[in-house]
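Colleague: Task: produce atomic coordinates for the following.
(4 chains)
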2 protein chains.
Amino acid sequence: MTDDSILLASMAVDSEQDPTRVSAVDRLVDQIREFVRSRDLVIGDALPTERELGELFQTGRNTVREALQVLKAYGIVEVRPKIGAVLSDRHEDAVRKLFAFQNDISPASFLDVQGYRRIIEVGICDHIILHATADDLNNLDAVNARILDEQSVDTAAQCDFAFHEALVSLAGNRTLLTNYRLLQPVITQIMRVGKAKRPVQIDTHQTHSEIINALKARDRVAYAYLISRHLEYGLQFVGSANTRASRSG
Amino acid sequence: MTDDSILLASMAVDSEQDPTRVSAVDRLVDQIREFVRSRDLVIGDALPTERELGELFQTGRNTVREALQVLKAYGIVEVRPKIGAVLSDRHEDAVRKLFAFQNDISPASFLDVQGYRRIIEVGICDHIILHATADDLNNLDAVNARILDEQSVDTAAQCDFAFHEALVSLAGNRTLLTNYRLLQPVITQIMRVGKAKRPVQIDTHQTHSEIINALKARDRVAYAYLISRHLEYGLQFVGSANTRASRSG
DNA sequence: CTTGCGTCTTGGTCCAACAAATGATGGAAT
DNA sequence: ATTCCATCATTTGTTGGACCAAGACGCAAG
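Modeller: You can find the predicted model right below:
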């Protein structure tokens, strides 16, 4: 962790162009981040007040506020009246939100997302089969079981996603899991659309079970086949639902 | 596109909690976005001046500025002195930057990222072998050739990434490519570290050539082996470089 | 038509002020 | 002594205004 952080800190993340002409706001954002890092502040800790930050970094309160807005948009801090700015763990949410934002401009087609999922969920097959413990697979069963209890389309979709998320997590790769979670809004939306047609909790649970059984049997071919079929199965509903949505909306 | 946008528009992206107590800044962010949408403004178009926006939405200029900071953080607008706020297409950059932010806080180990790349670049094997045209592979050759001309570690790393990016793009999946590009800062940093030891352009070019040849021969096994070896090869340098960096930094 | 200059606009920053909200404080009642 | 409540003080939320510097714009001179 320490070595990586040192290396990563050297990365040109900021990508500011002119060291001479950086705005006070951007500078303040970096300064506050550095302040947090140097003080080893953790989630929940409060930053100094806006006026104190202004005095600390020799800048006006408006500038401080603009910097805090940026930090807030990044999900780094959460500023509450009277309390001040407290360190937040909403960063991943902010990334997700911002990532989903682009769909507002140029939406990735659902088919594309399902194709992505197929590449991922098939691609992790080897690692899971080689490294997944019995506990891991039993945990998958437990996650899968929850879908039967759900009534609404929303919660069922969440459970469905939770299963696939747990599956991906078995790949043991944090980067992959983070990227997969990035698509959570889109994926759960696909699931909602798929389940909106009629309650398919039983079917989903059944298919998931088959997938788990394939993993327990360490059967790569069966797993890859079941996953592919499972993802394609959901797609057919998206197509028809699309038509419906475009008419109703 | 139209159907998807309708479906995606129904996704709860905003996730604001209290409709009664939205801050003026958040409201302004939405209002400006709505303004852009209703006017059908496109990339490059300029927004009204800060003062005009303030008058238009009955709010103070400082509030407008805070809202613009948020929009800027989202990569939606780019505010240039004297020109004003113009619509920007830097959204993907903003996502990348925000994503890199998270690595700054809890850095993924390089090993993890290489593992991710292995899953991806091996996972797309089937699709490439089935769908890549001769032109596609020749283009890979062209991209690969450029690395020989590069002198500095930086530009060589960029060329290296360009090759792998082109490789991933052959999977024909936009979502996958977007996610892969998200890691560009981390990946190129890994490459820089790997190449910092000594110039390895020739080796890299050679290995890439072998990978391309495996694809041309439609040899899945050879491709998977070469990719895995290629990625692991880079890792061994990262380990030692890590130590060096932690000493020098 | 081009060029050069002056003006005017605009973003960048800061300050002062007030409103609203809420934690802190202290006193009163039991 | 404890608890409750009113009051206060502090802090954020928001606004308006002020000034500066830099770039855009227009006008005039060549």
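Colleague: which non-adjacent residue is nearest A:Arg192?
Modeller: Closest residue in space to A:Arg192, ignoring its immediate chain neighbours: A:Ala157 at 4.5 Å, by CB to CB, 6 or more residues apart in numbering or on different chains. In this view, the C-beta of every residue, glycine as well, is placed from N, C-alpha and C.
Colleague: Any buried residues in the helix or strand where the one you found lies, and which?
Modeller: Counting by DSSP states H and E, the element that carries A:Ala157 is helix A:153-169. Neighbour-count burial for helix A:153-169 flags A:153, A:156-161, A:163-169 (criterion: 16 or more other CB atoms under 10 Å in any protein chain shown).
Colleague: I'd guessed the residue nearest to A:Arg192 sits against A:Lys195; true?
Modeller: Yes: with contact defined as CB atoms under 8 Å, A:Ala157 reaches A:Lys195; the gap is 6.0 Å.
Colleague: hang on, the earlier thing: so who does the residue nearest to A:Arg192 touch?
Modeller: Going by CB atoms under 8 Å, 6 or more residues apart in numbering or on different chains, A:Ala157 touches A:188-189, A:191-192, A:195.
Colleague: Repeat the analysis, applying 6 Å as the threshold.
Modeller: A:188, A:191-192 (CB atoms under 6 Å, 6 or more residues apart in numbering or on different chains).
Colleague: and the gap between it and DNA strand D?
Modeller: Counting by CB to the nearest atom of the strand, to the nearest Å, the gap from A:Ala157 to DNA strand D is 33 Å.
Colleague: picking that back up, which element follows the helix holding A:Ala157 toward the C-terminus?
Modeller: Remark: after helix A:153-169, the chain's next helix or strand is helix A:174-182, criterion DSSP H and E.
Colleague: next structured bit after the helix or strand bottoming out on mean pLDDT in chain A?
Modeller: Within chain A, no helix or strand scores below helix A:2-9, which has a mean of 41 by mean pLDDT, DSSP states H and E. Per DSSP H and E, the first helix or strand lying C-terminal to helix A:2-9 is helix A:24-38.
Colleague: re earlier: flag the least confident of the buried residues of helix A:153-169.
Modeller: Scanning the buried residues of helix A:153-169 for pLDDT, the low point is A:Val153. It has 86.
Colleague: and the closest residue to that residue other than its chain neighbours, what pLDDT?
Modeller: Distance criterion CB to CB, 6+ apart; nearest residue to A:Val153, sequence neighbours excluded, is A:Lys195 at 4.9 Å. Confidence at A:Lys195, expressed as pLDDT, is 78.
Colleague: pLDDT weak spots in chain A?
Modeller: A:1-21, A:102-109, A:197-198, A:234-249 (pLDDT under 70).
Colleague: which stretches of chain A form helices?
Modeller: With helices called from DSSP state H, chain A shows them at A:2-9, A:24-38, A:50-56, A:61-73, A:91-101, A:110-123, A:125-131, A:134-149, A:153-169, A:174-182, A:184-196, A:201-216, A:220-248.
Colleague: Columns distance to B:Ala67 on top of the ones you listed, output as JSON lines?
Modeller: JSON lines is the format used below for the helices of chain A (distance: least, CB to CB, whole Å):
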{"stretch": "helix A:2-9", "distance to B:Ala67": "31"}
{"stretch": "helix A:24-38", "distance to B:Ala67": "13"}
{"stretch": "helix A:50-56", "distance to B:Ala67": "17"}
{"stretch": "helix A:61-73", "distance to B:Ala67": "8"}
{"stretch": "helix A:91-101", "distance to B:Ala67": "16"}
{"stretch": "helix A:110-123", "distance to B:Ala67": "31"}
{"stretch": "helix A:125-131", "distance to B:Ala67": "45"}
{"stretch": "helix A:134-149", "distance to B:Ala67": "41"}
{"stretch": "helix A:153-169", "distance to B:Ala67": "31"}
{"stretch": "helix A:174-182", "distance to B:Ala67": "25"}
{"stretch": "helix A:184-196", "distance to B:Ala67": "23"}
{"stretch": "helix A:201-216", "distance to B:Ala67": "42"}
{"stretch": "helix A:220-248", "distance to B:Ala67": "31"}
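Colleague: so which of these comes closest to B:Tyr180?
Modeller: helix A:174-182 (8.7 Å; CB to CB).
Colleague: CA-only coordinates of the closest one in PDB, if you can.
Modeller: The C-alpha trace of helix A:174-182 is given here as PDB (Å, rounded to 0.1, in the frame of the first residue of the first chain):
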ATOM      1  CA  ARG A 174     -10.400  -5.100  -6.800                       C
ATOM      2  CA  THR A 175     -10.000  -3.200 -10.000                       C
ATOM      3  CA  LEU A 176     -12.400  -5.400 -11.900                       C
ATOM      4  CA  LEU A 177     -14.900  -5.300  -9.100                       C
ATOM      5  CA  THR A 178     -14.700  -1.500  -9.000                       C
ATOM      6  CA  ASN A 179     -15.300  -1.200 -12.700                       C
ATOM      7  CA  TYR A 180     -18.100  -3.700 -12.600                       C
ATOM      8  CA  ARG A 181     -19.800  -1.700  -9.900                       C
ATOM      9  CA  LEU A 182     -19.500   1.400 -11.900                       C
END
